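Participant: just the structure for this:
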Amino acid sequence: MANFPPSPTHTISGPVLYHWRKQAQAQAIAAEVPVVEVDWLLQALTDLDRLALRLETFQTKPEITLACSPADLDQLWQRRLQQRIPVQYLAGCVPWRQFSLTVSPAVLIPRPETELLIDLALAAVEQSACSEPRQGHWADLGTGSGAIALGLADTFPQARIHAVETSAAALAIAQQNAQQFRMASRIQFYQGSWFAPLQHLRGQLSGMVSNPPYIPRSQISDLQPEVAQHEPQLALDGGEDGLDCVRQLISDAPAYLQSGGIWLVELMAGQAKTVATLLQTQGDYQSIAIHPDLAGVERFVLAYRR
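Facilitator: Reported below is the predicted structural model:
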């Protein structure tokens, strides 16, 4: 379901919604849009769950609650098809781990592969030489929607999470998500660039996690229109080779990480070996490792502060 309660003033009958869904699925196929997005939108805007949609048990219901009018539902779907607006922005939410996160065009849409950053952080804690990393300070740099910060706060309930974001609009979304899941007291938010707002934590971080901009600037226009035309350029543009922000994180992190502190970053395909070499050359890191996502793409690089 979406992050707002469905309005009781809007309803639609099961047979009418069944017909609309079949028509929308056919339109999705014709427009080369994933058919599953029809149900994503319906789960966000109705009181139906995934199982009811899959089994189509709703088609006999006399009344189904909608968070918008039936006409607005169709208008949203047509915008998805014609303007290639991501369905997550239209619905206003996206599932990520156990959360249903609020999203808007101010933030990058959290991807399923990014969920693995939290699992890698948890595994890395077992190997970390820094003191009590589960109870220490962790930084999520470039927090966007706040997804990583929430994941860290949930995984390390005794830790203090510090989430940094340069965009005021994105930071507002992240704070909204933290409040929604009652983690606002556990996560400190800062507006600023990378480590700049964290001067008071120099030498104290148990870990640093980031999904920074990493798309080479010249490649952004070649991305899917849903990404290139609608997601925030600030969260995509990694400079000429895509690694401008990553280089800064490599350079600045040693001043903030404890000895044995964790450095963990997500990348695009083809960048991991270069980043591992940059970490090695920098000289302040050890036990540098590349980790694949579930599709086998070398997407994450993990290292420890010497």
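
Participant: identify the single longest strand in the chain, thanks.
Facilitator: strand 257-266 (DSSP state E).

Participant: contacts for the helix or strand just after it next, please.
Facilitator: Note on strand 257-266: by DSSP states H and E, the next helix or strand toward the C-terminus is helix 272-282. The contact list for helix 272-282, computed with CB atoms under 8 Å, 6 or more residues apart in numbering, reads 243, 246-247, 250-251, 254, 263, 265, 267, 285, 288-290, 298-301, 303. (Glycine included, C-beta is placed from N, CA and C.)

Participant: now do the contacts for the residue nearest to S210 when sequence neighbours are not counted.
Facilitator: Closest residue in space to S210, ignoring its immediate chain neighbours: L141 at 4.3 Å, by CB to CB, 6 or more residues apart in numbering. In this structure, L141 makes contact with 164, 194-195, 208-210, 212, 249, judged by CB under 8 Å, 6+ apart.

Participant: in the stretch 101-250 of the chain, which spans are strands?
Facilitator: 137-141, 160-165, 187-191, 205-210 (DSSP state E, counting those that start in this stretch).

Participant: which elements pack onto the second one?
Facilitator: The elements that strand 160-165 packs onto, with contact taken as 3 or more CB pairs under 8 Å, 6 or more residues apart in numbering; DSSP states H and E, are strand 137-141, helix 147-155, helix 168-180, strand 187-191.

Participant: any idea which of these is most buried?
Facilitator: A comparison of the helices and strands packed on strand 160-165 by mean neighbour count, using mean count of other CB atoms under 10 Å, puts strand 137-141 on top with a mean of 28.

Participant: quick check: mean pLDDT of it?
Facilitator: Taken as a whole, strand 137-141 carries a mean pLDDT of 98.

Participant: so what strands line up beside that strand?
Facilitator: Note on strand 137-141: by DSSP bridges, its sheet partners are strand 160-165 (parallel), strand 205-210 (parallel).

Participant: so what would you say the end-to-end distance of stretch 90-102 is?
Facilitator: In stretch 90-102, first residue to last residue: 11 Å (CA to CA, to the nearest Å).

Participant: past the longest helix anywhere in the chain, which element shows up next along the chain?
Facilitator: Under DSSP state H, the helix in the chain containing the largest number of residues is helix 14-31. Using DSSP H and E, the helix or strand that follows helix 14-31 in sequence is helix 36-45.

Participant: what helices or strands is that next one leaning on?
Facilitator: Identification of packing neighbours for helix 36-45 by 3+ CB pairs under 8 Å, 6+ apart yields helix 14-31, helix 50-55, helix 70-83, helix 87-91.

Participant: tell me the angle of the longest one relative to helix 36-45?
Facilitator: This points to helix 14-31. Orientation of helix 14-31 against helix 36-45 (axes from the mean of the first three to the mean of the last three CA atoms, to 10 degrees) gives an angle of 140 degrees.

Participant: can I get helix 14-31 in CSV, CA atoms only?
Facilitator: Taking Å, rounded to 0.1, in the frame of the first residue of the first chain, the C-alpha atoms of helix 14-31 are listed here in CSV:
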residue,chain,number,x,y,z
GLY,A,14,-14.4,-5.4,-8.8
PRO,A,15,-15.6,-6.1,-12.3
VAL,A,16,-14.7,-2.6,-13.5
LEU,A,17,-11.2,-2.8,-11.9
TYR,A,18,-10.7,-6.2,-13.4
HIS,A,19,-11.5,-4.9,-16.9
TRP,A,20,-9.2,-1.9,-16.3
ARG,A,21,-6.4,-4.1,-15.2
LYS,A,22,-6.6,-6.3,-18.2
GLN,A,23,-6.7,-3.3,-20.5
ALA,A,24,-3.7,-1.7,-18.7
GLN,A,25,-1.7,-5.0,-18.9
ALA,A,26,-2.3,-5.1,-22.7
GLN,A,27,-1.2,-1.4,-22.9
ALA,A,28,2.0,-2.2,-21.0
ILE,A,29,2.9,-5.0,-23.4
ALA,A,30,2.3,-2.7,-26.4
ALA,A,31,4.5,0.0,-24.8
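
Participant: tell me which residues in it are buried?
Facilitator: 14, 17-18, 20-21, 24-25, 27-28 (16 or more other CB atoms under 10 Å).

Participant: quick one: contacts for the closest residue in space to A168 that isn't next to it in sequence?
Facilitator: Nearest non-adjacent residue to A168, counting by CB to CB, 6+ apart: Q191, 5.9 Å away. Residues in contact with Q191 (CB under 8 Å, 6+ apart) are 164-166, 168, 171, 197.

Participant: what's near enough to touch I262?
Facilitator: 121, 124-125, 128, 130, 133, 206-209, 302-305.

Participant: turn those into a markdown table, including neighbour count.
Facilitator: Shown next, in a markdown table, are the contacts of I262 (neighbours: other CB atoms under 10 Å):
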| residue | neighbour count |
| --- | --- |
| A121 | 24 |
| A124 | 22 |
| V125 | 20 |
| S128 | 22 |
| C130 | 19 |
| P133 | 24 |
| S206 | 26 |
| G207 | 29 |
| M208 | 26 |
| V209 | 28 |
| L302 | 24 |
| A303 | 25 |
| Y304 | 24 |
| R305 | 25 |
